[in-house]
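> no sequence on this one, just coordinates:
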């Protein structure tokens, strides 16, 4: 159940009650594609850096170790030792990202595994079955994520198919949740809005899927090549057509500035690989812009990554030491940067929630964007 606590303009401060605990929104979900955050980050670390939701991927876990293995181990929560909410992506994005390895049909998608080339079929029912075996808190509907440059005719056909797939997902999830051997009989289902950069297709699709009264709604198919301005234009158009009394999730986004702008347009949920990917390459986020710790100017810098930050890296280590670790290719360097970046994102979401509650979100947004982009120097 989603509880809308406060609105400040279009920004929403909410609370989603789940079988695995309460999610305070807006929230950034920390991405652990294969049931682990890249950069040697354990679930015990996630507790320390204020993670609310961990996100894993249906396709990748189906390929390895296999969703049946995870089910036999008691589900994803027990398998990875995580007691808070987990959202599983449906595998739909791999329809986009593995374009060279798949064929899309009405019944579903035929893949070749990116690991060993073996043939895989995944449709709405298969995606729901895999996610049920994983026993995540929130399952995403199986959809096609078309290219942002797809023409109108292709986009219309793709979105219509995604709607038919969503109806099949809902029916299959209702069935799976009723079975006696299902681990999580309260698994939630979020539908996904598609339509590329065509506002009218997006709006029509949002109106259609809203009628299904799902647990939440995502905006997919953005941050896949279009400009930030186009993304904001689509959010301005489509979010008002999604139910305000349900969480809205912008998939795969993004930078701190992207998140701040999207919250201002009514988005509750976010995920992105940026903080972990950038951290593994020595790029860290601060309230004075992004730093590249490989730079020579940090060689003798005794300061933490950011003064006052309470993440494990900043509480204990200097920029100089972390730079040394990175240069020496010691895994600890990557790990400390990833921990800092995820803590930075999770703390920013706390600040966002506070600003909305206090009714000063627009002022906070402007200051924070200036800070994270280094424009307040």
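Yep, it's here. Just so it is clear, the structure is predicted and the values come from calculations on it, not from any experiment.
> so where's the stretch 151-300 of the chain uncertain?
Applying pLDDT under 70 to the stretch 151-300 of the chain picks out no residues at all.
> would you map the helices across it?
Ranges of helices in the stretch 151-300 of the chain, per DSSP state H, counting those that start in this stretch, are 152-177, 199-210, 228-238, 256-263, 274-280.
> give me the angle between the fourth one and helix 228-238.
On the basis of axes from the mean of the first three to the mean of the last three CA atoms, to 10 degrees, helix 256-263 is oriented at 20 degrees to helix 228-238.
> packing partners of helix 256-263?
With contacts taken as 3 or more CB pairs under 8 Å, 6 or more residues apart in numbering; DSSP states H and E, helix 256-263 sits against helix 228-238, helix 331-358, helix 361-372. C-beta: built from backbone N, CA, C; applies to glycine.
> rerun that using 10 Å as the cut-off
Contact analysis of helix 256-263 by 3 or more CB pairs under 10 Å, 6 or more residues apart in numbering; DSSP states H and E lists strand 11-18, helix 228-238, strand 248-250, strand 269-271, helix 274-280, helix 331-358, helix 361-372 as its packing neighbours.
> cool, and the third one?
Judged by 3+ CB pairs under 10 Å, 6+ apart, helix 228-238 is in contact with helix 199-210, strand 216-219, strand 248-250, helix 256-263.
> as JSON lines, the ones you listed with mean neighbour count and distance to residue 370 would be great.
Rendered in JSON lines, the data for those read as follows (neighbours: other CB atoms under 10 Å; distance: least, CB to CB, whole Å):
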{"stretch": "helix 199-210", "mean neighbour count": "19", "distance to residue 370": "30"}
{"stretch": "strand 216-219", "mean neighbour count": "26", "distance to residue 370": "26"}
{"stretch": "strand 248-250", "mean neighbour count": "27", "distance to residue 370": "22"}
{"stretch": "helix 256-263", "mean neighbour count": "23", "distance to residue 370": "10"}
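> so how far is stretch 228-238 from its chain's centroid?
18 Å (CA atoms, centre = their mean, to the nearest Å).
> and it, what's buried?
Going by neighbour count (16 or more other CB atoms under 10 Å), the buried part of stretch 228-238 is 231-232, 234-235, 237-238.
> one step back: and the helices of the stretch 151-300 of the chain as a markdown table, adding distance to residue 221?
Putting the helices of the stretch 151-300 of the chain into a markdown table (distance: least, CB to CB, whole Å) gives the following:
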| stretch | distance to residue 221 |
| --- | --- |
| helix 152-177 | 9 |
| helix 199-210 | 9 |
| helix 228-238 | 9 |
| helix 256-263 | 14 |
| helix 274-280 | 18 |
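> between those, which gets nearest to residue 355?
helix 256-263 (9.2 Å; CB to CB).
> just to revisit the earlier point, from the buried residues of stretch 228-238, which single one is nearest residue 175?
Proximity of these to residue 175 (CB to CB) peaks at residue 238, which lies at 29.8 Å.
> quick one, helices of the stretch 1-150 of the chain?
Defined through DSSP H, counting those that start in this stretch, the helices belonging to the stretch 1-150 of the chain, from first to last, are 43-48, 58-63, 67-72, 76-80, 92-97, 124-134.
> tell me the helices and strands packed up against the helix or strand hosting residue 315.
Assigned by DSSP states H and E, residue 315 falls within helix 312-316. Taking 3+ CB pairs under 10 Å, 6+ apart as the contact definition, the neighbouring helices and strands of helix 312-316 are helix 319-327, helix 331-358.
> out of these, nearest to residue 30?
Taking CB to CB as the criterion, helix 331-358 is the member of the helices and strands packed on helix 312-316 that comes nearest to residue 30, at 5.5 Å.
> what's the angle from that closest one to helix 256-263?
Going by the same axes, to 10 degrees, helix 331-358 makes 30 degrees with helix 256-263.
> buried residues in helix 331-358, which are they?
By neighbour count with 16+ other CB under 10 Å, helix 331-358 contains the buried residues 333-349, 352-353, 355-356.
> from residue 210, how far off is residue 76?
Computed with CB to CB, to the nearest Å, the distance linking residue 76 and residue 210 is 29 Å.
> OK, contacts around the residue most central in space within the chain?
The residue lying closest to the centre of the chain (CA atoms, centre = their mean) is residue 271, at 2.2 Å. Taking CB atoms under 10 Å, 6 or more residues apart in numbering as the definition of contact, the neighbours of residue 271 are 27-31, 53-55, 87, 89, 218, 249-254.
> ok, back up a step: what's the model's confidence in the helix holding residue 315, averaged?
With pLDDT averaged residue by residue, helix 312-316 scores 98.
> figure out how far that helix is from the centre of its chain.
Its chain's C-alpha centre and that of helix 312-316 lie 25 Å apart, by CA atoms, centre = their mean.
> now do stretch 62-70
21 Å.
> for that stretch, buried residues please.
Going by neighbour count (16+ other CB under 10 Å), the buried part of stretch 62-70 is 62-63, 67, 70.
> repeat for stretch 282-293
Under the neighbour-count criterion of 16+ other CB under 10 Å, stretch 282-293 has 282-287, 291, 293 buried.
> closest to residue 139 among the residues you listed?
In terms of CB to CB, no member of those lies closer to residue 139 than residue 285, at 30.0 Å.
> hang on, the closest one packs against residue 339?
No. Applying CB atoms under 10 Å, one finds residue 285 not in contact with residue 339, separated by 11.9 Å.
> name the residues contacting each of these two.
When CB under 10 Å, 6+ apart defines a contact, the residues bordering residue 285 and residue 339 alike are 275, 279.
> how close does the residue in the chain sticking out farthest from the centre get to residue 319?
Note on the chain: the largest separation between a C-alpha and the mean C-alpha position, by CA atoms, centre = their mean, falls on residue 300 (36.3 Å). Residue 300 sits 9 Å away from residue 319 when distances are taken as CB to CB.
> cool, thanks, talk later.
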